[in-house]
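# got a structure for you, letters missing:
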Ligand SMILES: O=C(O)CCC(=O)C(=O)O
Ligand SMILES: [Fe+2]
């Protein structure tokens, strides 16, 4: 993952529709967007199709206004932006797994994955990551001052989940970063998953088990300085037990994401982020 996303050329973000039980019941929503104006223009405020909330209040006299956060909770596909990088598309399935299946999968992963805490060299030689991780791939993976060594020894449930996602969505996920948030103090800071080793416009499939945590996105395509960050459009998706989130198209270039610390108690949560890695990178 990277805090400074690189820009890419235009994206071809096409998703094969899932089949069977998981077929989305909602049609795709377009979160209306105009990339050239985040504030201070004469445009109409944008409106979220889903919530009816104004996305960006346009104030007179070029006063910058912090856009209201967009909440995504329902199943469906959301085109969250369109820029020269292409469409950023999110698909969310809050009940991808039946609760009883999610329960045993959660317990299995808690117990059978070799969780470890890494040092994040970006923050100093003793800076421990505020969560535990495990990496499964034929390739090593470097992000944020961390090197995850190649580990081809996939836990069997993870192989089954990977193969199911690949079948449903016609992907070739071959790598997995698994995260264990021990409580509400564990987190992951703003970043993109746009490392060169993941290729252009990388798709990410994210499965969550355990306690619900907020997954936040902020749009960085128009950000020129740190001051602009306060005015980004923001999206919040509560990632529930047994949910699946797909991020595709330009999402890793035009948006950052994070799971913030919580002020309320949170129990354990396992998150699986499937990725496609290219051996030559
Ligand atoms: O825990 C999550 O939902 C996100 C984790 C994440 O962003 C990552 O592993 O790159
Ligand atoms: Fe990430």
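Cool, got the structure. Note that the structure is a prediction, hence the values are computed from the model and not measured. Residues are numbered from 1 along each chain as shown. Ligands and ions are numbered 1, 2, ... in the order given.

# residues contacting residue 135?
Contacts here follow CB atoms under 8 Å, 6 or more residues apart in numbering; on that basis residue 135 touches 141, 148, 149, 151, 175, 176, 177, 178. In short, each C-beta sits where N, CA and C put it, glycine included.

# does the helix or strand the last one falls within come close to ligand 1?
Same thing as residue 178. Take DSSP states H and E as the rule and residue 178 turns out to sit in strand 175-181. Yes. With CB under 6 Å from any ligand atom as the criterion, ligand 1 is reached by strand 175-181 at 177, 179.

# Direction included, what does the helix or strand just after that strand pair up with?
On the C-terminal side of strand 175-181, the nearest following helix or strand under DSSP H and E is strand 188-191. Within its sheet, strand 188-191 is paired with strand 255-259 (antiparallel), according to DSSP bridges.

# Can you name the residues in contact with the partner strand?
Applying CB under 8 Å, 6+ apart, the external contacts of strand 255-259 come out as 3, 5, 80-81, 88, 181, 187-192, 213-221, 235, 239, 247, 271.

# Spell out which residues of the stretch 151-281 of the chain are next to ligand 2.
Proximity of the stretch 151-281 of the chain to ligand 2, by CB under 5 Å from the ion, involves residues residue 193.

# In the stretch 151-281 of the chain, mark out all the strands, start to finish.
Under the criterion DSSP state E, counting those that start in this stretch, the stretch 151-281 of the chain contains strands at 175-181, 188-191, 204-210, 213-219, 234-239, 243-249, 255-259, 269-275.

# Need those in JSON lines (columns: mean pLDDT and mean neighbour count).
Below are the strands of the stretch 151-281 of the chain laid out as JSON lines (pLDDT from 0 to 100; neighbours: other CB atoms under 10 Å):
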{"stretch": "strand 175-181", "mean pLDDT": "98", "mean neighbour count": "22"}
{"stretch": "strand 188-191", "mean pLDDT": "94", "mean neighbour count": "18"}
{"stretch": "strand 204-210", "mean pLDDT": "98", "mean neighbour count": "24"}
{"stretch": "strand 213-219", "mean pLDDT": "98", "mean neighbour count": "21"}
{"stretch": "strand 234-239", "mean pLDDT": "98", "mean neighbour count": "19"}
{"stretch": "strand 243-249", "mean pLDDT": "97", "mean neighbour count": "23"}
{"stretch": "strand 255-259", "mean pLDDT": "98", "mean neighbour count": "22"}
{"stretch": "strand 269-275", "mean pLDDT": "98", "mean neighbour count": "23"}
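
# export the ones you listed to JSON lines and tack on distance to residue 99?
Listed next are the strands of the stretch 151-281 of the chain as JSON lines, based on distance: least, CB to CB, whole Å:
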{"stretch": "strand 175-181", "distance to residue 99": "20"}
{"stretch": "strand 188-191", "distance to residue 99": "25"}
{"stretch": "strand 204-210", "distance to residue 99": "11"}
{"stretch": "strand 213-219", "distance to residue 99": "17"}
{"stretch": "strand 234-239", "distance to residue 99": "15"}
{"stretch": "strand 243-249", "distance to residue 99": "11"}
{"stretch": "strand 255-259", "distance to residue 99": "22"}
{"stretch": "strand 269-275", "distance to residue 99": "15"}
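
# Please name the residues that touch the closest residue to residue 109 other than its chain neighbours.
Among residues not flanking residue 109 along the chain, residue 270 sits closest, at 4.9 Å (CB to CB, 6 or more residues apart in numbering). By CB under 8 Å, 6+ apart, the contact set of residue 270 is 106, 109, 110, 113, 178, 179, 180, 181, 208, 209, 210.
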